[in-house]
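J.: what shape does this take:
(chains A and B)
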Amino acid sequence: MSIFIIILKLILLPTLSPLCVGIVRKVKAYMQNRRGAGIFQPYYDLWKLFHKDEVIARDASWIFYLTPFLLFGLSILLPLGIPLLGSIESLSFFGDFIITIYLLATMTFFIALSGLDVGSAFGGFGSSREMTIAALTEGTLLFSFLPIALVTHTTNVILMATTASGLPFFNYLPFVIAFMGFFIALMAETGRIPFDNPSTHLELTMIHEAMILEYSGKRLALIEWANANKFIFFIILGVNLFFPWGLSTTANLSSLLFPFILVIVKATTLIVGVAILESSMAKLRLFRLPDLLLTGFIFCVISLITVTI
Amino acid sequence: MQNLFFTSLLVLTGGSIISLIVQRDTKLSYVSSVFSMFGSLLALIFSIGALITQSTLTTTLPTSFPMFNISLHIDPLAAFFILIVSLIALPASLYGIGYMKQYAKEYNLGVFGFFYNIFLISLLLVITAHNALYFLFVWEIMSLSSLFLVIFENKKLQIIKSGFIYFIMTHAATAFILLSFLLLFQFTGSFDFETIKQHFASIPFVIQTIIFLCMIIGFGTKAGIVPFHIWLPWAHSAAPSHVSSLMSGVMIKIGIFMLFKMFLDILPQTPLWLGYVVLIIGAVSSILGVLYALSEHDIKRLLAYHSIENIGIILLGLGSGLIFIALKQPSLAMLAITAGLFHTLNHAVFKSLLFLGAGSVISQTHTRNIEEYGGLIKLMPYTAIFFLVGAVAISGLPPFNGFVSEWLTFQSLFSGIATSSILIKSIFIFGAACLTFTGGLAAACFVKAFGITFLARSRSIESEKATEVSPLLLISMGTLAVLCLTLGVFSFFVITNIQLIVKNLSLFSSKTSSLSSTGISLQVNQNVAHLNMPVIFLVMAVFIALSFGLVYIVSRKQKVVLRTVWDCGFNALSPKMEITATGFSRTLILIFRGIFQPSKQHEIEYVDADIRYFSKSKTVTLGIVNIYEAYLYYPLHNGLSIISKQIRKIQSGNVNQYLLYIFILLLGLLIFARY
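T.: Numbering: from 1, shown residues only, chains lettered A, B, ... in the order given. Reported below is the predicted structural model:
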């Protein structure tokens, strides 16, 4: 039963992830008074890329060849550690939030290496910027989990969320503060405005796109898809960990329907929120970003102090 | 059992003597390395045996000097450190056989072999010493033999300078250790650690405080804590690479070992403030170590700064352990100390791997400047894989060993945040914050170190000519790389054994640890956290394989075409267009400008000084300030020079004046003796 739900989650999230990217693009298009492409466009793009031939730089080493597979493999593994419906998905051997964060760091590590691998000027700068932001984001991300872990006495994300869902309403205030920190980390990790603009290739500002500039064909498709997976992972994590209302704590199949509808509503709200926020502000200068990340970190520390006093 | 240890010492002694005998014949220089390997293998077997049986061996050989006994004491903690020493010495000695050939024409390998074996002996003896005077004796042998290994390339001025800094710092450290032992002798009447242990509680509080501080400074300098670490980047970069790997992987751990031994065994029930001090030193060392590593372009100095960072992480474990002990929470203390000990082992393994990898690169390119490497992954494929394993492990990424010990350290810091006192809570929050930033910055630094060294195109002619190193070197690196993965995946087994060592300390007898292992899974605080490394490794492997399989099914028919990288139409991609190590870390240096105080200097030379339109050459000098040198060591140095200049005035050369000095001194002594 629970295995069935877990497998469903592992298939469902990567399948829906391009849709999330499509929704964000559509909302952003509306905000800019454009009609924009349909919300299923990312699927067509992936399909197209998978059926194209590849051009690879001569200087590339096996790191460049291997990274997309590693990235995609880890990105479909990530949902294993987060709750979609409730405690039924919890695993004793996987799901600690530190391992989740370090898996994300592993992905960043290898994509940054492959950015350096071809030896173009763009890739190198992309890697440098990516590692700079990743190094400063890790602290914020880890500390945003900590208040909830201390309240619920566990570091397993699924148990954290399901335990927190039973808390009285007043206890959520520190979580909301921690969520602000988490949200800043989310924007940084998924390469959104104000950190990075996923829809430009302007050499002065691009971070993530600069690293993957030399990729094409199926490897590019894998990286794009892995990024979409990472995005939906952060969205589900954000809504189900910090706003865990309605998560099921029983293993009853019929009790899973309501959480399923609720998570779709919550996730869509957050996705639209991200898109509106992206449309309503400009990309920040690179050297302003540490201030923003530090602000997020301070939110988390405040929340941490609030829950432990 | 005991005989095995003595045989190992004898073999190493034999190695050092034979090395001097055969020094004229460079073809036989490998003999001493074979002896070192055999000696370390025996020590390895001995330590594993001692750990399995959990036995404590004690031997005392009386000498004709008063207070000076050759007293050996091997408890499980010491056996664990013997394990670390011999585990690293074995591949390092094997590496040495192949690596030292390049020096055969210029330098005397016999003398090197002599000091190398003496160094290994002294490491083993320091760990087992149980008498303060005897300890200082072997400690000094360790410092001096390693000094001679550091200045092995004695025809280079830079290396002599490095050796000199090491010489001064290590003796300043010894002075503090000596002071603490003398104070202990003054109040307990013995140099024997066992007697000191029994009488320590009767020492006045103020003296105890001074002893603790002296020990932190003395042993901490050897371990490389900030701000006493300045010798470390100099000494580790000057020595031949396998010696660097021994110094960085093992010798600085002796300082850590003494801190563990003193604070947990010999001087138990340490005060709460000591825990604060150790934890804060650990946090500051880890963050400053990694930041300075980021700014470094000399590959061995970069690795040396990472040693400082990792010593910091170990001290985070020890510091939280000491705080928990003072708070009477022994089960949490056991978790924290296990984390510290496991990270000690892990750091020894991956840091020596990285130093050996760096050594292989240096032996091929003849430079330590990473800006002149590039593209080595195609020329030295195996070295690249091994270095990558080390880089991933030290960045604390799963499924390698660095991740597991960082995970344990995090768990102990989190437990500290859950305590009640607001002061303790904030210190633990500070520690955890430093550890997370350290993890992220270390990953950034190793993307730089690996990427600039091995990826893209060669940046110099030397690095284009590089070829893969000899199999001996590859075997020793490969062994350590496999160990990195094994210690990570099978960490449950290693940790169970480390727990036994911790339990064996009298402080924790009959206490249960909050870290337990059920089957292959680790468990903290009854269900607060689980870690199951074998399954995590398996799941990662399966999912990556899955993504290969899926892509193969979908797009196996698509072709792959190789082309040159997009060069914006200039048709001349030169190495100058690649990013440099300086450029890579510049953003982070500017972000942390409060610490680095970066400077930028432009110099332009014009074709005609009057018409400033055509420049002949442009130079940009980027510099950073070492805060500890600028604000601690230079003022200290200047102060000492000023005082010395003042004191010099009393040396007038006038005989009458010297007679006056003698008279005044005599008078003073008489008055002193009277009262």
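
J.: what does the stretch 151-300 of chain A have sitting close to chain B?
T.: Residues of the stretch 151-300 of chain A lying close to chain B (Cβ under 8 Å from any Cβ of the partner chain) are A:153-156, A:213-214, A:217-218, A:222, A:286-287, A:290, A:297. (C-beta placed from N, C-alpha, C; glycine too.)

J.: check what pLDDT the residue of chain A positioned farthest from its centre gets.
T.: Centroid-distance maximum for chain A: residue A:58 at 32.0 Å, with Cα atoms, centre = their mean. The score at residue A:58 is 87. That number is its pLDDT.

J.: and it, what does it touch?
T.: B:562, B:563, B:564, B:565 (Cβ atoms under 8 Å, 6 or more residues apart in numbering or on different chains).

J.: among those residues, name the ones in strands.
T.: Counting by DSSP state E, the part of these found in strands is B:562, B:563.

J.: just the buried residues of the contacts of residue A:58.
T.: Neighbour counting over these (16 or more other Cβ atoms under 10 Å in any protein chain shown) leaves residue B:565 as the buried ones.

J.: okay if I get the contacts of residue A:58 as CSV plus distance to chain A and pLDDT?
T.: Shown next, in CSV, are the contacts of residue A:58 (distance: Cβ to the nearest Cβ, whole Å; pLDDT from 0 to 100):
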residue, distance to chain A, pLDDT
B:562, 5, 90
B:563, 5, 86
B:564, 6, 83
B:565, 4, 82
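
J.: for residue A:78, give its distance to residue A:5.
T.: 17 Å (Cβ to Cβ, to the nearest Å).

J.: now the residue farthest from the centre of chain A: how far from residue B:635?
T.: 54 Å.

J.: which stretches of the chain have low pLDDT?
T.: Chain wasn't specified; assuming chain A. Along chain A, segments meeting pLDDT under 70 span A:251.

J.: what's the neighbour count on the closest residue to chain A within chain B?
T.: Of all residues in chain B, residue B:579 sits closest to chain A, at 2.6 Å by Cβ to the nearest Cβ. Residues lying near residue B:579 (other Cβ atoms under 10 Å in any protein chain shown) number 24.

J.: which residues touch the closest residue to residue B:447 other than its chain neighbours?
T.: Leaving aside its chain neighbours, residue B:447 sits nearest to residue A:112 (4.6 Å; criterion: Cβ to Cβ, 6 or more residues apart in numbering or on different chains). Applying Cβ under 8 Å, 6+ apart to residue A:112 gives the contacts A:126, A:127, A:130, A:131, A:134, A:211, B:447, B:451.

J.: please redo it, this time with the cut-off set to 10 Å
T.: A:67, A:123-124, A:126-131, A:134, A:211, B:443-444, B:446-448, B:450-451, B:584 (Cβ atoms under 10 Å, 6 or more residues apart in numbering or on different chains).

J.: max-length helix in the chain?
T.: Just so you know, I chose chain A. The single longest helix within chain A, with elements called by DSSP state H, is helix A:121-152.

J.: actually chain B
T.: helix B:330-365.

J.: that helix: what's the following helix or strand?
T.: As assigned by DSSP states H and E, the chain's next helix or strand after helix B:330-365 is helix B:376-379.

J.: which residues are in contact with that following helix?
T.: A:59-63, A:117, B:360-361, B:364-365, B:383-385, B:387-388, B:450-451, B:453-458, B:463-468.

J.: the same query, at a cut-off of 8 Å, please.
T.: Residues outside helix B:376-379 that contact it (Cβ under 8 Å, 6+ apart): A:61-63, B:361, B:364-365, B:383-384, B:453-455, B:458, B:463-464, B:466-468.

J.: and that helix, how far out from the chain middle?
T.: With Cα atoms, centre = their mean, to the nearest Å as the basis, helix B:376-379 stands 28 Å off its chain's centre.

J.: count the neighbours of the one residue in chain A that gets nearest to chain B for me.
T.: Here the residue of chain A nearest chain B is residue A:124; by Cβ to the nearest Cβ that distance is 2.6 Å. If you count neighbours by other Cβ under 10 Å, residue A:124 ends up with 27.

J.: show me the domain layout of chain B.
T.: Per the record, chain B has its domains at B:269-571, B:575-623, B:628-674, by automatic domain parsing.

J.: can you measure across the second one, start residue to end residue?
T.: One end of domain B:575-623 to the other measures 23 Å (Cα to Cα, to the nearest Å).

J.: and if you look at stretch B:450-462?
T.: 18 Å.

J.: got the buried residues for it?
T.: Buried residues in stretch B:450-462 (16+ other Cβ under 10 Å): B:450, B:451, B:452, B:453, B:454, B:455, B:456, B:457, B:458, B:459, B:460.

J.: so can I have TSV of those showing pLDDT?
T.: Listed next are these as TSV, based on pLDDT from 0 to 100:
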residue	pLDDT
B:450	95
B:451	94
B:452	93
B:453	93
B:454	94
B:455	91
B:456	85
B:457	87
B:458	88
B:459	88
B:460	88
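
J.: near chain A too, which of those residues?
T.: For chain A, the contacts drawn from the buried residues of stretch B:450-462 by Cβ under 8 Å from any Cβ are B:450, B:451, B:452, B:454, B:455, B:456, B:457.

J.: among those residues, name the ones in helices.
T.: Per DSSP H, those map to helices at B:450, B:451, B:452, B:454.

J.: just give the closest residue to the first one, not the sequence neighbours.
T.: Distances taken as Cβ to Cβ, 6+ apart place residue B:391 nearest to residue B:450, at 4.8 Å, with adjacent residues excluded.

J.: ramachandran angles for the one you found?
T.: With angles defined as degrees, to the nearest 10, residue B:391 sits at phi -70, psi -40.

J.: ok, residue A:182 touching residue A:144?
T.: Yes: taking contacts as Cβ atoms under 8 Å, residue A:182 lies within contact range of residue A:144: 3.8 Å.

J.: looking at these two, which is more packed in?
T.: Just comparing residue A:182 and residue A:144: by other Cβ under 10 Å the higher neighbour count belongs to residue A:144, 31 against 27.

J.: pull the contacting residues for that one.
T.: Residue A:144 makes contacts with A:178, A:179, A:181, A:182, A:185, A:296, A:299, A:300, A:303, as judged by Cβ under 8 Å, 6+ apart.

J.: contacts for stretch A:152-162?
T.: Here stretch A:152-162 has contacts from A:81-83, A:86-87, A:89-91, A:95-98, A:100, A:145, A:148-149, A:163-164, A:237, A:240-241, A:244, A:247-249, B:411, B:414, B:525, B:527-530, using Cβ under 8 Å, 6+ apart.

J.: just the buried subset of those residues, please.
T.: A:81-83, A:86-87, A:89-91, A:95-98, A:100, A:145, A:148-149, A:163-164, A:237, A:240-241, A:244, A:247-248, B:411, B:414, B:525, B:528-530.

J.: can you tell me which of the residues you listed are in helices?
T.: Using DSSP H, the buried ones among the contacts of stretch A:152-162 in helices are A:97-98, A:100, A:145, A:148-149, A:163-164, A:237, A:240-241, B:411, B:414.
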